[in-house]
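Engineer: when you get a sec, could you give me coordinates for this:
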Amino acid sequence: MSRRSRAREVALQSLYRAEVGGDVDTRDRARFHKGRLRSADLTAFADELVDGVGDHRAEIDSLLDAKSANWRVSRMAATDRAVLRIAVFEMLHTDTPGPVVVDEAIELARRYGSLDSPTFVAGILGGILADRDGRSRPAAG
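Structural biologist: Numbers count the residues shown, from 1 in each chain. I've put the predicted structure just below:
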């Protein structure tokens, strides 16, 4: 696993933890990230992902709702929802290449989601990437 992949994994764990356990104190999150990543650069990247998802949640969820024809964000499994939110934030608000974002998200879905999660995540993110790049694809789900 690459170092940035590990930071994405920790960001996923943070988002999931906040979703199922309620708000997490920023000091607790900082300790969680530092303890698992042990690198200032990776901790900053995980923080950027978690903060970015929080700051852009309405935009991200609206886009996910539009691309997942048969699933509302609120009905998605918490793990899939967190993976998708991280990926959409990273795809739209960082300089990480879209195909890399999609591959990383599929791997997270494979590791943490259900058997159907990688296909579900790939379909939705593929549609968002196609729209971003000016290609047309039908909605997934």
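
Engineer: for this protein, which helix is longest?
Structural biologist: Assignment by DSSP state H gives helix 3-21 as the longest helix of the chain.

Engineer: show me which positions of it end up buried.
Structural biologist: For helix 3-21, a neighbour-count test (16 or more other Cβ atoms under 10 Å) marks 4, 6-16, 18 as buried. For glycine as for every other residue, the C-beta is placed from the backbone atoms N, C-alpha and C.

Engineer: for that helix, name the packing helices and strands.
Structural biologist: Contacts defined by 3 or more Cβ pairs under 8 Å, 6 or more residues apart in numbering; DSSP states H and E place helix 3-21 against helix 26-37, helix 40-55, helix 78-93, helix 98-112.

Engineer: what's the angle from it to helix 26-37?
Structural biologist: Interaxial angle, helix 3-21 versus helix 26-37 (axes from the mean of the first three to the mean of the last three Cα atoms, to 10 degrees): 140 degrees.

Engineer: going forward, count from 27.
Structural biologist: Got it, first residue is 27 now, which makes that one helix 29-47.
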